[in-house]
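Engineer: compute the structure for the input listed below.
(2 chains)
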Number of protein chains: 2
Amino acid sequence: MPSHDQSPLAQFTERLRDEPERATVTFRSSTTLGPGYRCEAEFRKHSVVVDEPPSIGGTNEGPNPIELYLGSMATCQAIAYRIWAEYLDIAMEAVEVDIEGDIDLSALFGISERARPGYAAIRLDVRFSGPDTAERYDELARAVEQACPLLDSARQPVDVSLTARVAD
Amino acid sequence: MPSHDQSPLAQFTERLRDEPERATVTFRSSTTLGPGYRCEAEFRKHSVVVDEPPSIGGTNEGPNPIELYLGSMATCQAIAYRIWAEYLDIAMEAVEVDIEGDIDLSALFGISERARPGYAAIRLDVRFSGPDTAERYDELARAVEQACPLLDSARQPVDVSLTARVAD
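Structural biologist: Okay, the predicted model is just below:
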């Protein structure tokens, strides 16, 4: 039974323990292309503009999709630090995440199939601060590495099914 | 030698053919956590707000990271359709992409390790329209499936290295 003295996260987690089937969820997004390369990705009431730079004819009104993927992973790490610092009762004052990824765009731009179309390597660099011991922060970092959804979604293959059709 | 009659994409692609080493690039993003769960993901001059819903104590000012990942993949598909329609000289009037992904959040919220932390399955549904033949649109869809960077980044494992440390 959640107590009103508990944080929203503690109450949410206790509800999930009581009804673990609620932990399995489906997220959704939709997008429409254009004009040009510009897209708006829609998520519930939120919208994010994605675009390409002028070098290929875009209007550069937002990050490109390949960059946005890195941003999703970096923010997932940062938020997982917030969640797990509370679970482990570790004081955490700041979290900064830098991410970079190497990709060979030969396949996307049709110049060769010398490399896979996707990311070859990604490097995440997380820096945090707080007054706890180094051992406790190691414990936190290990917990986040085990729990982060998008780190796992990159490191292990995801089953993606695709239907493409001419609209009626 | 790019001609000024060519589109920006055609000129860009011709430059890559001349200097294929320029196709290997590194993208970057940075983020700072807080207050609360709110993050701003930074990409060159662009910034995207990412947040969590009030159910866990967030302020719901943007999509969550797990949703944003879906948006990156959907927009990558849409933009790859634009690129490849030009390469294959196929008329394409509209592209809409719906994406959904199933995930078990038990690991993220520490209630069990019954499932991987990341996406179990993702479904992409692409609808497009235009006056060309069904055979030509099949050709386009197959080309995009082979070329899309983020579809490949999900289907095949990506090498992600991680450093986490207390800031100086």
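
Engineer: strands along chain A, start to end?
Structural biologist: A:24-33, A:39-43, A:46-50, A:94-104, A:119-129, A:159-166 (DSSP state E).

Engineer: and residue A:132, how far from chain B?
Structural biologist: Look at residue A:132 and chain B: by C-beta to the nearest C-beta, to the nearest Å, they are 9 Å apart. Backbone N, C-alpha and C define where each C-beta goes, glycine included.

Engineer: wait, that residue sits on residue A:88?
Structural biologist: No - contact between residue A:132 and residue A:88 fails when scored by C-beta atoms under 8 Å: they sit 9.4 Å apart.

Engineer: so what sits against both of these two?
Structural biologist: Taking C-beta atoms under 8 Å, 6 or more residues apart in numbering or on different chains as the contact rule, residue A:132 and residue A:88 have no neighbour in common.

Engineer: ranking the strands of chain A by burial, who's on top?
Structural biologist: Of all the strands of chain A, strand A:39-43 carries the top mean neighbour count, a mean of 23, counting by mean count of other C-beta atoms under 10 Å in any protein chain shown.

Engineer: low-scoring stretches of chain A, by residue?
Structural biologist: Within chain A, the segments meeting pLDDT under 70 span A:1-4.

Engineer: could you rerun that using 50?
Structural biologist: For chain A, no stretch has pLDDT under 50.

Engineer: quick one: the helices in it?
Structural biologist: Applying DSSP state H to chain A gives helices spanning A:8-18, A:65-87, A:134-147, A:149-155.

Engineer: need these in JSON lines with distance to residue A:122 and mean neighbour count, can you?
Structural biologist: Converted to JSON lines, the helices of chain A look like this (distance: least, C-beta to C-beta, whole Å; neighbours: other C-beta atoms under 10 Å in any protein chain shown):
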{"stretch": "helix A:8-18", "distance to residue A:122": "28", "mean neighbour count": "17"}
{"stretch": "helix A:65-87", "distance to residue A:122": "7", "mean neighbour count": "26"}
{"stretch": "helix A:134-147", "distance to residue A:122": "14", "mean neighbour count": "17"}
{"stretch": "helix A:149-155", "distance to residue A:122": "7", "mean neighbour count": "24"}
